[in-house]
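>>> have a look; sequence and predicted model below, questions after that.
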Amino acid sequence: MSKRRINLVLIIIFIFGATIIGRLFYVQVIKHEKYLAFAKGQYNLSQIIEPNRGDIFAQDKEGNLYLLATNNDSKFVFVSPTQIKNKEETAANLTEIIDMDKELILEKINQEETLFSLLKKKLTEEEIEKIEKLNLEGVHLGKETYRYYPEEETASHVLGFVGGENLGQYGLEGFYQEELKGKEGLAVGEKSRQGYMVYFDSQKSLPAQEGSDLILGIDFYIQFKAEELLKEAKDSLGIEDGQIIVMDPRSGKIIAAAALSNFNPNQYFDYDMGVFIDPISQKLFEPGSVFKPITIASAIEEGKITPQTTYVDEGFVKIGPDTIYNYAQRKYGEVSITEVLEKSINTGAVFAEQKISHKTFLNYIEKFGIFEETGIDLQAEVSSPNDELKKGYEVNFATAAFGQGIEMTPIQLIRAFSVLANGGKMVNPYFVEKVINIDGTTVKNQSQNQSIQVVSQNTASKLTAMLVSVVENGFGKKAKIPGYYIAGKTGTAQVSWSSLGIKKSGYSDKTIQSFIGFGPAFDPKFLILVKLDNPQTKTAEYSAIPIFYSLAKYIVDYYQIPPDYEEK
């Protein structure tokens, strides 16, 4: 080889070496920080730590707690395809254990671009034991936490459920999402070539903060009894749906909230979305005659009538071109306002409303809370603006006087009735009595014992006496509990076509039958609303009242409430 060629080779080697050295200098010195971070990223691992969601408890009269919502751990099996050598044998073994098609398992095992391929969740103890015993290469068990409702359908609309990403949906789970979910933590460490953490850096990591627990005012046994009565009504009365609310009228605490159309939140994914709508706070209805005491209380408060005021009932009243009749077109002659409630006379409620101006009547409806949400601690409460009523048509005010053509939710109705049971003061209904944080501190619900004076105590006392007379002498006799004064009112309302989703004016043959009452009347410990959707009876006297009686008698015995008087 000539000297010239040797020099050329040396020059090429020199240039190549200089290029390599220059590149190393660029990478190791100039871009040192960038490639150091990149290298760390290959073995550093940051992992979100999910906190445990807070529990939800009901109580009993002694303060003992009953778990309604909690967290359960379950194991799942997954494969790391790159670690599996004999794929056919592994798939054959697994299909015998987890009852999964072999071809589907092979499909998962052949996903070699991933370290994690899920096979099955919520393994049984037998499946776990068999998988652990085989100790298959590349087959691993993992653990996950899921929301669990041990009482299944009990109070399901109150609770709601937890969907993906630990997000509460509906009910308390949705309303108290921030309190229940807690705060995420962060685990920082180093990982192996297989992607598993092999070193934990405690200084850089942050622990998760557990969610807070909710203690409800719901009494477990009264809730169970209310739900049981609705199920019985389904069989005996053929109701399409039904709700029962029990509230302490002095504080607003909800003691029970039952619905026939409940669901199992453990399997929420098996239901249509419409099932989750809470009929207590998210469905409107026309209450019928249970609204008459509110109309009469307004007129008494204004000094326009008294319980003894009389008028002559002709069985109907003309409002312009329209005619309003009593139930079954009955005619009562001269009657008092107390008898209007006892006999549930429609024209008597119209008489009372006409004694005050329509504007005043609207003001009282607003004061009784019918035009606004109650603020109940459930997600997405609704309220009706009642625009038709507010248009000012004479006939609309007349029908609203006895509870037709005016809409509200059951929780709005029972809050309004609390005025009559609580000395004229309206309370704020609530479910959660207190929130218990992870550090043991307790936060009480601010709604407790908050109230607004709507009518005077004198007016409320008069209405209470009149409602006692309904039970003692009127259509509410079946609600009477021996030894106790019970105040209450029946309601049988026609269901409008529009509320059934049918574009048609007027009313269908379906009815909503209800009874609302409290006891003991002059020192009430409970206020109960029984609402039944289209029972196969003519009036609430034969449907809602017997259910009210059964539940009220149960509460009286359960609370051991002393009698008002001795039966002769």
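Okay, I see it.
>>> can you give me the distance of residue 518 to residue 141?
Distance of residue 518 to residue 141, computed by CB to CB, to the nearest Å: 56 Å. To be clear about C-beta, it is placed using only N, CA and C from the backbone, and glycine gets the same treatment.
>>> all strands for the stretch 201-350 of the chain, in order.
Using DSSP state E, counting those that start in this stretch, the strands of the stretch 201-350 of the chain run over 213-219, 241-247, 254-259, 310-313, 316-319, 322-325, 333-336.
>>> which of the ones you listed sits most buried?
The highest average neighbour count among the strands of the stretch 201-350 of the chain, using mean count of other CB atoms under 10 Å, belongs to strand 254-259 at a mean of 27.
>>> number of residues surrounding residue 307?
With neighbours defined by other CB atoms under 10 Å, the count for residue 307 comes to 17.
>>> host element of the nearest residue to residue 311 once chain neighbours are set aside?
Leaving aside its sequence neighbours, residue 311 sits nearest to residue 351 (CB to CB, 6 or more residues apart in numbering; 5.1 Å). Assigned by DSSP states H and E, residue 351 belongs to helix 346-354.
>>> show the model's pLDDT score for the nearest residue to residue 538 once chain neighbours are set aside.
Spatial nearest neighbour of residue 538, excluding adjacent residues (CB to CB, 6+ apart): residue 492 at 7.7 Å. pLDDT for residue 492: 95.
>>> mind checking how far residue 492 is from residue 502?
For residue 492 relative to residue 502 (CB to CB), the value is 21 Å.
>>> the lengthiest strand in the chain: which residues count as buried?
Ranked by residue count, the top strand of the chain under DSSP state E comes out as strand 65-79. Neighbour counts using 16 or more other CB atoms under 10 Å place 66, 68, 69, 70, 71, 75, 76, 77, 78, 79 of strand 65-79 among the buried residues.
>>> now stretch 345-358
345-356, 358.
>>> equivalent analysis for stretch 531-540, please.
531, 532, 533, 534, 535, 537, 539, 540.
>>> output the contacting helices and strands for the longest strand of the chain.
strand 56-59, helix 87-98, strand 117-120, helix 125-134, strand 139-148 (3 or more CB pairs under 8 Å, 6 or more residues apart in numbering; DSSP states H and E).
>>> rewinding a little: between the buried residues of strand 65-79, which is nearest residue 182?
residue 71 (10.8 Å; CB to CB).
>>> and that closest one, what does it touch?
Neighbouring residues of residue 71 by CB atoms under 8 Å, 6 or more residues apart in numbering: 52, 53, 55, 145, 146, 147, 148.
>>> mind checking which of those are buried?
By 16+ other CB under 10 Å, those give 52, 53, 55, 147, 148 as buried.
>>> turn these into TSV, columns for pLDDT.
Shown next, in TSV, are the buried ones among the contacts of residue 71 (pLDDT from 0 to 100):
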residue	pLDDT
52	86
53	94
55	97
147	94
148	96
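>>> the closest residue to residue 250 other than its chain neighbours: neighbouring residues, count only.
Counting by CB to CB, 6+ apart, residue 250 lies nearest to residue 422, which is 5.7 Å off, once chain neighbours are set aside. For residue 422, the count of nearby residues is 23 (other CB under 10 Å).
>>> for residue 422, give me its contacts.
Residues in contact with residue 422, defined by CB under 8 Å, 6+ apart, are 249, 250, 451, 460, 524.
>>> mind checking how far it is from residue 97?
The gap separating residue 422 from residue 97 is 62 Å, by CB to CB.
>>> residue 259 now?
Distance from residue 259 to residue 97, by CB to CB: 41 Å.
>>> same deal with residue 394?
76 Å.
>>> out of these two, which sits in the more crowded spot?
Between residue 394 and residue 97, residue 97 has the larger neighbour count (other CB under 10 Å), namely 22 against 11.
>>> which pLDDT value belongs to the residue nearest to that one when sequence neighbours are not counted?
Of all residues not flanking residue 97 in the chain, residue 130 sits nearest, at 4.7 Å (CB to CB, 6+ apart). At residue 130, the model reports a pLDDT of 86.
>>> what about residue 130, neighbour count?
Residue 130: 16 neighbours (other CB under 10 Å).
>>> and what of residue 566?
7.
>>> correct me, but it touches residue 484?
No: using CB atoms under 8 Å, residue 566 is not in contact with residue 484; the gap is 11.1 Å.
>>> which parts of the stretch 301-450 of the chain are helices?
For the stretch 301-450 of the chain, the helices defined by DSSP state H, counting those that start in this stretch cover 337-342, 346-354, 358-367, 387-390, 394-401, 410-421.
>>> looking at those, which is buried most?
Comparing those by mean neighbour count (mean count of other CB under 10 Å), helix 410-421 ranks first with a mean of 27.
>>> how far off centre is that helix?
19 Å (CA atoms, centre = their mean, to the nearest Å).
>>> name the helices or strands packed onto it?
Judged by 3+ CB pairs under 8 Å, 6+ apart, the packing partners of helix 410-421 are strand 241-247, helix 292-301, strand 425-427, helix 457-473, strand 507-519, strand 526-533.
>>> any weak-confidence spans in the protein?
Scanning the chain for pLDDT under 70 picks out 1-49, 185-207.
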